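Participant: Model the following, please.
(one chain, ligands or ions: 2)
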Amino acid sequence: MIDFFVFLGPPGAGKGTQAKVVASKLGIPQISSGDIFRENLKNKTELGIKANQFIKIGELVPDDITISMVRERITNADCASGAILDGFPRTPAQAMALDEMLVETGCEINKVPYIRVPENELVERLSGRLTCRAQGHVFHKKFNPPKEPGVCEHDGSELYQREDDKPETVARRIRVYEEQTQPLVDYYLQRGLLVEIDGDQQIDQVTADLVNLLEMVA
Ligand code: AP5
Ligand code: MG
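Facilitator: Ligands and ions are numbered 1, 2, ... in the order given. Purely as a prediction, here's the structure:
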């Protein structure tokens, strides 16, 4: 069976930071719906421009747009050995659509690591985040500074502050998470797939906990 892992957690929990490292350790791709939207926006595609109307105010992009985008992505050949999903699903409708997609492709969700971090920490993380233009690598001004200011050490591209990391948009994203995404914690708990990970530790320690968990089941 081909295994998919869903990284669940609020904005700023460290899904992107961890998914990138863990995916490369496991030799499977990281699929970040937020990164795909931002890549589309950078290339000024119709999808990117439409999605950005929601992203910039901290709302979710409508399910139909998001689901068809991810459906196309996971049928790509590089997912033949599984993938880490980062930021998808984010609503019950997306979770059900994912279940259907995986049945169609003969895959299944193996584990859902739920990265927990206290809310006050989330705001500090997001307000100091720096994101790389080319591939979405993530840094933090204080907690994980780049070796050279303003430059991504992985691909040399420019680091920038995401438009949706402004304080008022961050607050909205956290509320939207609580209203629309938090119910997925129960959804996956009831199916015996959810495993809580303490995200309020050093980045390397969180990585070690995740790798332990995923290798155990991979
Ligand atoms: P998306 O890009 O997915 O944003 P998000 O869920 O809001 O999550 P973030 O990327 O903000 O946080 P993260 O958990 O990845 O944390 P990170 O590793 O960067 O989505 C953006 C928007 O796109 C959404 O608002 C929505 O509009 C739309 N969208 C995306 N997917 C969608 C979907 N499925 N349906 C509908 N709409 C969708 O870390 C944060 C910071 O903390 C960094 O600076 C990092 O260096 C630092 N940090 C990480 N770990 C630690 C640690 N252990 N200690 C200290 N600092 C740490
Ligand atoms: Mg992210």
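Participant: So in the chain, which strand runs the longest?
Facilitator: When the chain is parsed with DSSP state E, its longest strand is strand 107-116.
Participant: Tell me which residues touch the closest residue to ligand 1 within the chain, please.
Facilitator: Closest to ligand 1 within the chain is G34: 2.0 Å, counting by CB to the nearest ligand atom. The C-beta positions use only the backbone N, C-alpha and C, and glycine is treated the same way. Neighbouring residues of G34 by CB atoms under 8 Å, 6 or more residues apart in numbering: G16, I55, D86, G87, G136.
Participant: Filtering those by proximity to ligand 1, which remain?
Facilitator: G16, I55, G87 (CB under 6 Å from any ligand atom).
Participant: Isn't the last one up against S32?
Facilitator: Spelled out, it's G87. Yes - in this structure, G87 is within contact of S32 by CB atoms under 8 Å, at 5.3 Å.
Participant: tell me which element A93 falls in.
Facilitator: Using DSSP states H and E, A93 sits within helix 92-105.
Participant: Give me the contacts around that helix.
Facilitator: In contact with helix 92-105 (CB under 8 Å, 6+ apart) are residues 2, 4, 6, 63, 66-67, 70-71, 74-75, 85, 88-89, 108-109, 183-184, 187-188.
Participant: Narrow these to those in strands?
Facilitator: Assigned to strands by DSSP E, the following of those qualify: I2, F4, V6, L85, E108, I109.
Participant: which two from those residues end up farthest apart in space?
Facilitator: I2 and V6 (14.0 Å; CB to CB).
Participant: Which residue of the two possesses the greater neighbour count?
Facilitator: Per other CB atoms under 10 Å, whichever of I2 and V6 has more neighbours is V6, with 24 against 15.
Participant: For the protein, what lies in contact range of ligand 1?
Facilitator: So the chain meets ligand 1 at 9, 11-17, 33-34, 37, 54-55, 58-61, 66, 87-88, 90, 94, 125-126, 128-129, 138-140, 143-144, 164, 173, 199, 201, 203, 206 (CB under 6 Å from any ligand atom).
Participant: Appreciated, that's everything.
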